[in-house]
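*Asks:* Everything below, folded, please.
(chains A and B)
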There are 2 protein chains.
Amino acid sequence: MTNPTAAMLVIGDEILSGRTQDSNTYYLAGQLTAHGINLKEVRVVSDDASAIIDSVRDLSNNYTHVFTCGGIGPTHDDITSDSIAKAFDTNIDIREDARSILQQHYDAQNLPLNDARLRMARIPNKATLIDNPVSKAPGFTLKNVHVMAGVPSIFKAMLASVLPNIIGGQPLMSETYRVEKGEGDIAAPLSKLADAFPDLSVGCYPFQHNGLYGANIVLRGHDAAVLKEAIERLKTEFLK
Amino acid sequence: MTNPTAAMLVIGDEILSGRTQDSNTYYLAGQLTAHGINLKEVRVVSDDASAIIDSVRDLSNNYTHVFTCGGIGPTHDDITSDSIAKAFDTNIDIREDARSILQQHYDAQNLPLNDARLRMARIPNKATLIDNPVSKAPGFTLKNVHVMAGVPSIFKAMLASVLPNIIGGQPLMSETYRVEKGEGDIAAPLSKLADAFPDLSVGCYPFQHNGLYGANIVLRGHDAAVLKEAIERLKTEFLK
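*Replies:* Here you go, the predicted model:
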């Protein structure tokens, strides 16, 4: 059985202008790897309806799951929910279940559930709500697209609600071996290793600091025994 | 005159598996904004020829410039240069100018210019070399695609070689105003501000820490006087 695949869509001008460094992708990548879901592609687009619609359609067709972050708040540039609805030709309006969550939240703080905040209750028909324990305004899942907030603490909390409900695969495991040799000297042995273990992915990540240089060789795969054997043969045979 | 546009293509399994957090995109975004080039899209793909080829073609057609990082080292998984050549149906082979740079570099260190290292001299026909003051192996520009290393220190150095040679636009400037109010309370005034200043982009980025919550309102545009006027009216009129 091959693992499910996934793509991430990060939505927001603040990432593309260099104001904010996206950290959700890195977090998601680690979580998906542990869950046995292969993250295959990431896209970052601006707060622009056609950019969002085109990317969501594309990614939704090509991968088992799509995770989005950003653009579901109360302000005028939060157009993700409406764009996702358009991408799937689905109606969207203020939904009673989401409205009720927000009403309760703002009542408790003596804040008005005004028009801006009500925008956060706009949820496409047939979408399933994603719980937001941090600030209440929910995300949602429509078809294979999981629509979440961009604020990292909320993104993490929402992902924790989503992941247990989706089917994972075999977690990807990795073994790292550090060598103090130049990449150019280990490239040929690594190529032989990759040929000998076609089920493993073999990566080589050079480092250089304080006058010392070398590389971390990372083997990735789904079978712990094969990984162990490959690392052994790397040390005793290929790099000998 | 509208500003040139750009896309970034990050290539590497280590980003998608969550092993490495990409920092080149954040750096590039800041540099392009200062240079008056609008970064419109980012994609991250794995070390897979067809994923690289499809993305490069797509992005090269849609934007003025494409910047890539990753996959130009000496190991078997470094397939970026060959994939870029394929994307443009261009021949690629070991090129004398690149070979000579590497020969000199490795001679000086008494290291052999072996087959693996020679891979880094594979440069597509008609591409222009990009200088690499850190570790010598050059990047290259083919058509509107600038192919650079993934190691952040080398990426930065290569970008510094490329940027002075490409035509920028009006730098995007920004003004930030911090308010200690909920996003839901400022959304309506911000929407009016956005209507009053159609040439500005108006962003709102909520924060919450130590029980304090509020938002940073960020106005972005190309005219300092307009930005200043908008911030003034925001304080004295829209948020009054």
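
*Asks:* use CA for all of it now, contacts and neighbours both
*Replies:* Will do.

*Asks:* Where does the most centrally placed residue in chain A fall, secondary structure wise?
*Replies:* Central residue of chain A (C-alpha atoms, centre = their mean): A:Leu28, 3.7 Å from the mean position. Element membership for A:Leu28 (DSSP states H and E) is helix A:24-35.

*Asks:* Give me the next element, helix or strand, following that helix.
*Replies:* Next along from helix A:24-35, by DSSP H and E: strand A:38-45.

*Asks:* what are the pairing partners of the helix or strand bottoming out on mean pLDDT in chain A, and which direction each?
*Replies:* In chain A, no helix or strand scores lower on mean pLDDT, DSSP states H and E than strand A:201-209, which sits at a mean of 85. Sheet pairing of strand A:201-209 (DSSP bridges) gives strand A:212-221 (antiparallel).

*Asks:* Buried ones in the strand it pairs with, by neighbour count?
*Replies:* A:Gly214, A:Ala215, A:Asn216, A:Ile217, A:Val218, A:Leu219, A:Arg220, A:Gly221 (16 or more other C-alpha atoms under 10 Å in any protein chain shown).

*Asks:* how about it as CSV, C-alpha atoms only?
*Replies:* This file holds the C-alpha atoms of strand A:212-221, laid out as CSV (Å, rounded to 0.1, in the frame of the first residue of the first chain):
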residue,chain,number,x,y,z
LEU,A,212,35.1,22.2,9.4
TYR,A,213,33.1,20.8,6.5
GLY,A,214,31.2,17.6,5.8
ALA,A,215,27.8,16.3,5.2
ASN,A,216,24.8,14.7,6.9
ILE,A,217,23.7,11.7,5.0
VAL,A,218,20.0,11.0,5.6
LEU,A,219,18.3,7.8,4.6
ARG,A,220,14.5,7.7,4.7
GLY,A,221,12.2,4.8,4.4
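
*Asks:* quick one: contacts of that strand?
*Replies:* A:172-183, A:199-208, A:227, A:231 (C-alpha atoms under 8 Å, 6 or more residues apart in numbering or on different chains).

*Asks:* Mind giving me the PyMOL select for those residues, buried ones only?
*Replies:* Buried residues among those (16+ other C-alpha under 10 Å), as a PyMOL selection:
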select buried, chain A and resi 172+173+174+175+179+182+183+200+202+203+204+205+206+207+227+231
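
*Asks:* about what we covered before: show me the residues around the residue nearest to the centre of chain A that make contact.
*Replies:* So A:Leu28 contacts B:Gly18 (C-alpha under 8 Å, 6+ apart).

*Asks:* cool, A:Asp199 as well?
*Replies:* Contacts of A:Asp199 (C-alpha under 8 Å, 6+ apart): A:Gly221.

*Asks:* where's A:Thr20, which helix or strand?
*Replies:* Per DSSP H and E: nothing holds A:Thr20, as it lies in no helix or strand.

*Asks:* Hmm, it is touching A:Ile11, no?
*Replies:* No: using C-alpha atoms under 8 Å, A:Thr20 is not in contact with A:Ile11, being 11.9 Å away.

*Asks:* Compare these two and say which is more crowded by neighbours.
*Replies:* Legend: neighbour count by other C-alpha atoms under 10 Å in any protein chain shown for A:Thr20 and A:Ile11, higher for A:Ile11 (27 against 15).

*Asks:* hey, what's the more buried one bridged with?
*Replies:* Listed by DSSP bridges, the beta-bridge partners for A:Ile11 are A:Val45.

*Asks:* shaky segments in chain A?
*Replies:* Along chain A, the model assigns pLDDT under 70 to residues A:1.

*Asks:* Now with 90, please.
*Replies:* Residues of chain A meeting the criterion pLDDT under 90: A:1-2, A:76, A:167-172, A:181-183, A:205-214, A:222, A:240.

*Asks:* quick one, helices of it?
*Replies:* A:13-16, A:24-35, A:49-62, A:80-87, A:96-108, A:115-118, A:152-162, A:183-196, A:224-233 (DSSP state H).
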